[in-house]
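Undergrad: coords please:
(chains A and B, ligands or ions: 2)
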Number of protein chains: 2
Amino acid sequence: ERILVSTQAEYTAAAADIEAGDTIVLASGEWDDFELVITGGGSADAPITIIAERPGDVILTGQSSLRIGGEHIVVSGLVFRDGFSPRGEVISFRVSAKDQASNSRVTQVVVDGFSKPDRYESDYWVGIYGSNNRFDHNHLTGKTNKGVTLAVRLDSEESRENNHRIEYNYFGPRSVLGSNGGETLRIGTSRYSMFNSNTLVAHNVFDRTGGEVEIISSKSGGNVFRGNVFLRSRGTLTLRHGDNNVVEGNVFLGGGTDYTGGIRVINRGQTVRGNYLEGLRGEAFSSALAIMNGVPNSPVNRYVEVANARIENNTIVDSRRVAFNVGADEERSAAPSGSIFARNLMSGLEGEAFLEVYDDVSGIAFSGNRVAQGGVADELASLTQAPVAMERGENGLLYPTAPELADVGAPRDLRVVSLDEVGVDWYAKPGERTDFSSSGRVFEVAPGQGTLAEAAMAAKDGDVLALAAGDFIVDRSIPLEATVSIRGAGSDATTILFTRPSLFELREGGELMLQGLAIDGELAPDSVGNSVIRTTIFPIQSNMRIAMDGVAVRNLAVNKSFNVLTLGKNTLADRISIRRSSFADITGTIVSAAAETEDYGQYNVEYLDITESAFARVGGPLADIYRGGRDESTFGPNVRIARNALDDVGLAATNGTGGSIHLHGVQIAAVEDNAVRASAPFRVVHTVGTPKTAITDNAFAATGDLILEELIFDGEHRASLSGNVFGDGDTQ
Amino acid sequence: ERILVSTQAEYTAAAADIEAGDTIVLASGEWDDFELVITGGGSADAPITIIAERPGDVILTGQSSLRIGGEHIVVSGLVFRDGFSPRGEVISFRVSAKDQASNSRVTQVVVDGFSKPDRYESDYWVGIYGSNNRFDHNHLTGKTNKGVTLAVRLDSEESRENNHRIEYNYFGPRSVLGSNGGETLRIGTSRYSMFNSNTLVAHNVFDRTGGEVEIISSKSGGNVFRGNVFLRSRGTLTLRHGDNNVVEGNVFLGGGTDYTGGIRVINRGQTVRGNYLEGLRGEAFSSALAIMNGVPNSPVNRYVEVANARIENNTIVDSRRVAFNVGADEERSAAPSGSIFARNLMSGLEGEAFLEVYDDVSGIAFSGNRVAQGGVADELASLTQAPVAMERGENGLLYPTAPELADVGAPRDLRVVSLDEVGVDWYAKPGERTDFSSSGRVFEVAPGQGTLAEAAMAAKDGDVLALAAGDFIVDRSIPLEATVSIRGAGSDATTILFTRPSLFELREGGELMLQGLAIDGELAPDSVGNSVIRTTIFPIQSNMRIAMDGVAVRNLAVNKSFNVLTLGKNTLADRISIRRSSFADITGTIVSAAAETEDYGQYNVEYLDITESAFARVGGPLADIYRGGRDESTFGPNVRIARNALDDVGLAATNGTGGSIHLHGVQIAAVEDNAVRASAPFRVVHTVGTPKTAITDNAFAATGDLILEELIFDGEHRASLSGNVFGDGDTQ
Ligand SMILES: [Ca+2]
Ligand SMILES: [Ca+2]
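TA: Ligands and ions are numbered 1, 2, ... in the order given. Down below sits the predicted model:
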């Protein structure tokens, strides 16, 4: 029977009577707040089918979800967008703990931006339970909240050795989450990792899936990862828990993007064979290839030692690192054993360390490998090191031209699955992010009252507002919902004054670049939370960028805590960049990214760059960056503060951070070539992991010593210090 | 000319050419995001007029505002709702600093709930600038964000001695703001308080305008407050700064509501004459009549001493306090001088202190007063004290029956302006707030999966869900947007289990009462921020109530901080009440109202009552209440914790408060008759003002001493302690 339904009530009635072989057709249109449930007994010959009247024309919006129980059920053609699931999953292969799906299939379904508005409220977009299910040709993109995009769960007996197939899906961009829980795919959990999942993950494309340090987290045994393509994705495919997995014929193309990694090997009996990795920039845990040390007799949730691994015929080119014994420390003291590393073709970055060894590699048998370029650790000096001429094959990948290298590296016939082959053809794959000033439209704006607000509110993504010389009076907070550049005629010619507690309010989609203008706080009221730029009180799902170049900010002094930029809770800036700018007579903080104070490992800015700028009579710190807690799943925050001049910065009684710079839990920090006079000291607090802090070549006069703290690490502060010069008093 | 306009563009064109005598008629309908500006030169005979096609049928929604410049302009018939002003005001009597309105009028305009969504982002709904303007017969109700409802500003010379008239307006309910900035009317600021404003405030009704401690804050000279009616409004009419004001013929009817006050007198030459005050419950600064001490040679922003005040023929009945020398301390050492207190009729609460004196009253000449009931301070023993027979006059007010008292108290002909005379007749005045269980509808709900969520989401204000005995499984967070009661068949019969990090999510309009049921956290996931009840991440403008009676909560232990109730930023609970309930095996906090950590004097709960309940193995505190900062403009928080049993409470390492109860900056606290064993100590931190803390008749075994701190007050902790008994160890 084929039943067309147009309302939720009709659907419920139809689903209640469904029998094997029946098809329910959802009428084209928007289905709002639709919690779709289907369960029943189909059969291999006569499945139960739920389809869209026309694929892509059935849109589930608002608080909607899909749950599948029973067996031999097929769902296809739906689109989830403009809403979020009220449950733990958008698509669930179970209706309840007792009714899990088997032999069922979800295909040609789109989930686009269907994220919970609270960035830190967790869900899965897809939860696969039961057995023998297939998830194929789906399109999942734009998850902004916490939680794995697709999780395979092994909690119940029936869901182990499940033979699920996850194939030909398009996993679209996942932006930096700014905490743990940003994986795109996870199979199992540590608790059940002694069981085999036997899940096939094949021929999927992972396009810019950079939510956190793990793209894929395999936490069970017997899984096969074959023929997947990873494009500019930060992080790695990690064999985190579970034994006897196969990683074969996958292609990683990093495109030189920061933190792009390859495959991380832990546990026993892993096979990593015939993969191709190019343009990766990760190191340590995120190396192109990271073979880890383990914990002797490891508990299930720590690091089982690598044993009997076969790592063969992989090609790694134009990549930063291949690393052995990664994570070696007092606890992780067990080096790999019984393993083979053979016929791999490797080429690193010119003049940089490439193959690194952190402990004992005697348990690995090396043979037939070739290193074409890059530094090699002494322990691996016996590997053949010589340049290799390479050319691209028809599949677009690099291969050595010399016949004698024919059996080294990835196979010639490696198939690179294309974007056309994954997901659906009726829903466009996302393009590049809009750059500032990229639309080609430039609008001239005349000085006066109200002109700037009007123009900014009308601007579209990529537009430029060109402000003439003169004074611009703004008497409302300007809401920004697009990627907008505002250029003045120079910071000595164009001045913006504003009469509300903030000049710009960033909302969903709002990004701001300011260039060549002055901002004067003279007219601002004495209010609570004054800030030239601040985020809306509503949560913002998208990550944003904020840039200032050649901007003069002054007279933010009407009360005791007037900031320049304040990021609120539940917001994350991808990049904040300040250069060639000046800041004078300001009572508060220049960049406040310290709203996530719960110590859950969350934070508000990924990259912060402050360079070539001058700061005078600033009460608070230049930067107040906070990332608390013990989680290690993020690459950021990453801070660079270089070539600035600071005079009388951070000394206000209201500066609770005690520093002219305050970095708490920042993962990578470079503080270089700054000149500092009569200011509060720099303060850097390390929390978890292996933070990299370099404080180099700064000159300090009448300023206290660096304040360096380690909250968890037991030992001297690990910051690298060199070339800093301290004067001996006010007279210098 | 009379011009009908239907679009914003048509309006703009018409307004650009407007001339004296012209009328622009706004077409009926919704005008979204309409920033209406009108300026021009009307004349007394030929004003410029902006009117609604039909009064009340022109609705300004979204981000809208009204600005008036020029002279002789009249605006009427508009409604602002479903939005908020993007500016500092909704209605402004100026277009810019240079273009202020004069001889202009706004009448029959409604502003209903047109509040900024951020509770702490400030604005005025009405800002009156310029001179000789009239604001009459308007209806302003439901302001939830910070900032005075109507402000008269004297910043420029032309706006002083302005002769504005504010008459026959309806000021509707203004709920507790939970910080400073909740005044309904303010005239002037301390900075310009040496100038006369000469503003008339007459025949307005202030209905439940209880935003903060001041209903009206007069901060300038020469104002007249005449014939206004105050209904159940917390706070006072305060002559805060400025001299020679007149408060005459006003009627205050407190209805026995907490914190209702009358008139507070500061400064020189004030006249308080012929007012009627009944049913007021405020004391100290919020007494029915509070005559303050001043600061000798006071700076303009402190307290100018009372001199030459005339306080005559006022009637004060059924009220808690009349107080002299209020605020007397080392700084405020100047008692009133040259003043008259004559022919006032006063009757307090039976058996309670009534007339109080805190310093010297020799500068006040007392004559012809009568005290009918209530305790009188020794210094005033010479006042005639004797019962007075009274009856209600035709105006509904009480008058003595004895002819010899005819000239004592308020005049017989005092006119009480009625609700019909103020505001407009085409827009309904708000009724009473919906009580729990008041709709008369009761819905039976059967146990099982999904039944409770479905019923709760369908419930309307005042509905009751009656849960049968059995287990209710909830696999989504239940959003609440109405005042809903959920009753079980007893906490041993009806159990709710839930699989998401929270069971209930309170949204705008959501209030919850739970009775006779158990809540078990057994199935909840290990997530971030787990809480049985929590507020949405979006700001909530309305204040909410939450009640639990006969509820058993248990097994909130899946991770280290699982709370029962968590109030987030930008939310305020009017009342949280927990009684006859039990809480066991909980890792987190029972009531967390500690989200406003910026020390701006903001807080999350007004009244908290925890009584007759049992707590065992609770990791965090029963109550974590935080109100930081130095502001003194709020009555709350007000906490009562009485007759409870605590066993092993507050000892988790994750309890950062260090107490089994943590009260920070609470204004009134009664902690009584609790039995406490093997728990963290009670911790009470006093900040500003004169907090009243009573810790009485508690018994402690194997529990540390009280932790009492004063952050600002220089001296011993001011908590009142009595009857507390401490055991000497685990064996007791
Ligand atoms: Ca992770
Ligand atoms: Ca106030």
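Undergrad: Tell me who's in contact with residue A:616.
TA: With contact set as CB atoms under 8 Å, 6 or more residues apart in numbering or on different chains, residue A:616 has these partners: A:582-585, A:647-649. Quick note: C-beta positions are derived from backbone N, CA and C, even for glycine.
Undergrad: try 7 Å
TA: By CB atoms under 7 Å, 6 or more residues apart in numbering or on different chains, the contact list for residue A:616 reads A:584, A:647-648.
Undergrad: what does the stretch 451-600 of chain A put close to chain B?
TA: Proximity of the stretch 451-600 of chain A to chain B is assessed by CB under 7 Å from any CB of the partner chain, with A:475-477, A:499-500, A:527-528, A:537-539, A:570, A:600 identified as the residues in range.
Undergrad: between those residues, which is closest to ligand 2?
TA: Here the nearest of those to ligand 2, counting by CB to the ion, is residue A:528; it sits at 13.5 Å.
Undergrad: Confirm that closest one sits in a helix?
TA: No. The secondary structure assignment for residue A:528 gives coil rather than a helix, going by DSSP: H, G, I helix; E, B strand; the rest coil.
Undergrad: related to what we said a few turns ago, highest neighbour count among the contacts of residue A:616?
TA: For the contacts of residue A:616, neighbours were counted using other CB atoms under 10 Å in any protein chain shown, and residue A:648 has the most, 19 neighbours in all.
Undergrad: what residues are up against the residue in the stretch 251-400 of chain A that ligand 1 sits nearest to?
TA: Nearest residue of the stretch 251-400 of chain A to ligand 1 (CB to the ion) works out as residue A:285 at 11.0 Å. Shown in contact with residue A:285 (CB under 7 Å, 6+ apart): A:213, A:264, A:326.
Undergrad: Report the contact partners of residue A:67.
TA: Residues counted as contacts of residue A:67 (CB under 7 Å, 6+ apart) are A:37, A:92, A:94-95.
Undergrad: Put together CSV for the residues of the stretch 451-600 of chain A next to chain B, with neighbour count on each row.
TA: Supplementary listing: those in CSV, determined by neighbours: other CB atoms under 10 Å in any protein chain shown:
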residue, neighbour count
A:475, 21
A:476, 22
A:477, 22
A:499, 19
A:500, 22
A:527, 20
A:528, 20
A:537, 21
A:538, 17
A:539, 22
A:570, 23
A:600, 20
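Undergrad: Just those: which are in helices?
TA: In helices, judged by DSSP state H, none of those are found.
Undergrad: thinking again about what came up before, surely the residue of the stretch 251-400 of chain A closest to ligand 1 is in a strand?
TA: No. With three-state DSSP as the criterion, residue A:285 is located in helix rather than a strand.
Undergrad: ok, residue A:113 to residue A:440 distance?
TA: When CB to CB, to the nearest Å is the yardstick, residue A:113 and residue A:440 sit 26 Å from each other.
Undergrad: and if you look at residue A:21?
TA: Relative to residue A:440, residue A:21 is positioned 56 Å away (criterion: CB to CB).
Undergrad: what do you get for residue A:265?
TA: Applying CB to CB, one obtains 48 Å for the distance of residue A:265 from residue A:440.
Undergrad: which of the two has more neighbours?
TA: Residue environment comparison for residue A:265 versus residue A:440 gives the larger neighbour count to residue A:265, 24 against 8, counting by other CB under 10 Å.
Undergrad: Which members of the contacts of residue A:67 are the farthest-apart pair?
TA: Greatest spatial distance in those: A:37 and A:94, 10.6 Å, computed using CB to CB.
Undergrad: what's the longest strand seen in chain A in contact with?
TA: With secondary structure taken from DSSP state E, chain A has its longest strand at strand A:544-556. Strand A:544-556 has contacts (CB under 7 Å, 6+ apart) with A:436, A:491, A:506, A:510-522, A:532-533, A:562, A:564-565, A:573-588.
Undergrad: low-scoring stretches of the stretch 601-732 of chain A, by residue?
TA: Along the stretch 601-732 of chain A, the model assigns pLDDT under 70 to residues A:728-732.
Undergrad: Can you name the residue of it nearest ligand 2?
TA: Closest point on the stretch 601-732 of chain A to ligand 2, by CB to the ion, is residue A:654, at 22.2 Å.
Undergrad: Three-state assignment for that residue, please.
TA: Three-state secondary structure (criterion: three-state DSSP) places residue A:654 in coil.
Undergrad: And chain B, is stretch A:704-719 touching that?
TA: No. Applying CB under 7 Å from any CB, one finds stretch A:704-719 separated from chain B by no less than 15.0 Å.
Undergrad: So what would you say the end-to-end distance of that stretch is?
TA: According to CA to CA, to the nearest Å, stretch A:704-719 extends 17 Å from its N-terminal end residue to its C-terminal end residue.
Undergrad: Tell me the residues of chain A that contact chain B?
TA: Applying CB under 7 Å from any CB, one finds that chain A approaches chain B through A:86-88, A:96, A:117-118, A:120, A:122, A:449, A:475-477, A:499-500, A:527-528, A:537-539, A:570, A:600.
Undergrad: among those, which are in reach of ligand 2?
TA: When the residues of chain A next to chain B are filtered against ligand 2 using CB under 5 Å from the ion, no residues are retained.
Undergrad: Check which residues of stretch A:297-316 are buried.
TA: Buried residues in stretch A:297-316, counting neighbours by 16 or more other CB atoms under 10 Å in any protein chain shown, are found at A:298, A:303-316.
Undergrad: residue contacts, the residue of chain A found nearest ligand 1?
TA: Of all residues in chain A, the one sitting closest to ligand 1 is residue A:633 (4.0 Å; CB to the ion). Contact analysis of residue A:633 by CB under 7 Å, 6+ apart lists A:180, A:212-213.
Undergrad: so which of the residues you listed is the most crowded?
TA: Neighbour counts for the contacts of residue A:633 peak at residue A:212, which has 27 neighbours (criterion: other CB under 10 Å).
Undergrad: domain parsing for chain A?
TA: According to automatic domain parsing, chain A is divided into the following domains: A:56-421, A:442-726.
Undergrad: Let's have the ones you listed in a markdown table, adding distance to residue B:717.
TA: Written out in a markdown table, the entries for the domains of chain A read as follows (distance: least, CB to CB, whole Å):
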| stretch | distance to residue B:717 |
| --- | --- |
| domain A:56-421 | 38 |
| domain A:442-726 | 25 |
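Undergrad: That'll do, ta.
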